[in-house]
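Peer 1: predicted model and sequence follow; I will ask about them next.
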Amino acid sequence: MTNLDGKTVAFLLTDGYEDSELTSPWQAVTDAGGNAVLVAPKSGVVEGKKGHSQAVDRAADSVTADEFDALMLPGGVVNSDHLRMDEPSIRFAKAFFEQHKPVGVICHGAWILIEAGTVDGRTITSYPSLKTDLRNAGANWVDEEVVVDAGLVSSRRPDDLPAFNAKLVEEIAEGKHEKQTA
């Protein structure tokens, strides 16, 4: 089993996230010994689209990528749509690419990366309805269970979580990727 002792992973999300896309990677990170921290545009509690709720640890406007080893972006249409309009969240996500740190993204979470300007020239997957958005932003979109591109780990949907989680933990354990850039 891959060991994430001493690694801290930011999970960036807001209300309307896909419940399993938070809980499953969160469990994978903590089972591997990592520290998971929920970052959101607001303080308090965030609510998933299927009823999961979780306390926010830090507000997006009060954190920097320097404090974390990796970033995880769960999907959910409402969550991703709201995050891509939140400037502190976009700056926070982009900083992980500027610092060459691993980033995991699933489903509609790729909208945040489009807004951050971090997908041009990258190979990525997502929920199929984002294919045109990603291609228009310069990405090479593929329909695969999990895709790894220099520290960027992406998947399409909750059914892909087992493969996604394994690759996410692996990339976090490897640390910085020099080709992971904004």
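Peer 2: Received it, and whenever you're ready, just let me know what you need. Predicted, not measured: the structure shown is a model, and the values here were computed from it. Numbering: from 1, shown residues only.

Peer 1: surely Gly48 and Leu22 touch.
Peer 2: Yes. With contacts counted by C-beta atoms under 8 Å, Gly48 reaches Leu22, the gap being 6.6 Å. Yep, even glycine has a C-beta here, placed from its N, CA and C like the rest.

Peer 1: next up, the contacts around Lys179.
Peer 2: Contacts for Lys179 were tallied using C-beta atoms under 8 Å, 6 or more residues apart in numbering; they are His100, Ala150, Gly151.

Peer 1: hmm, 6 Å instead?
Peer 2: Contact analysis of Lys179 by C-beta atoms under 6 Å, 6 or more residues apart in numbering lists Ala150.

Peer 1: where does the most centrally placed residue in the chain sit relative to Ile90, distance-wise?
Peer 2: Geometric centre of the chain, nearest residue: Leu73, 2.2 Å, by C-alpha atoms, centre = their mean. According to C-beta to C-beta, to the nearest Å, Leu73 stands 11 Å off from Ile90.

Peer 1: ok, now Gln180?
Peer 2: Distance of Gln180 to Ile90, computed by C-beta to C-beta: 17 Å.

Peer 1: secondary structure class for Glu170?
Peer 2: Of the three states, Glu170 takes helix according to DSSP: H, G, I helix; E, B strand; the rest coil.

Peer 1: what number of residues lie near it?
Peer 2: 14 (other C-beta atoms under 10 Å).

Peer 1: not including adjacent chain positions, what is the nearest residue to it?
Peer 2: Of all residues not flanking Glu170 in the chain, Thr2 sits nearest, at 5.7 Å (C-beta to C-beta, 6 or more residues apart in numbering).
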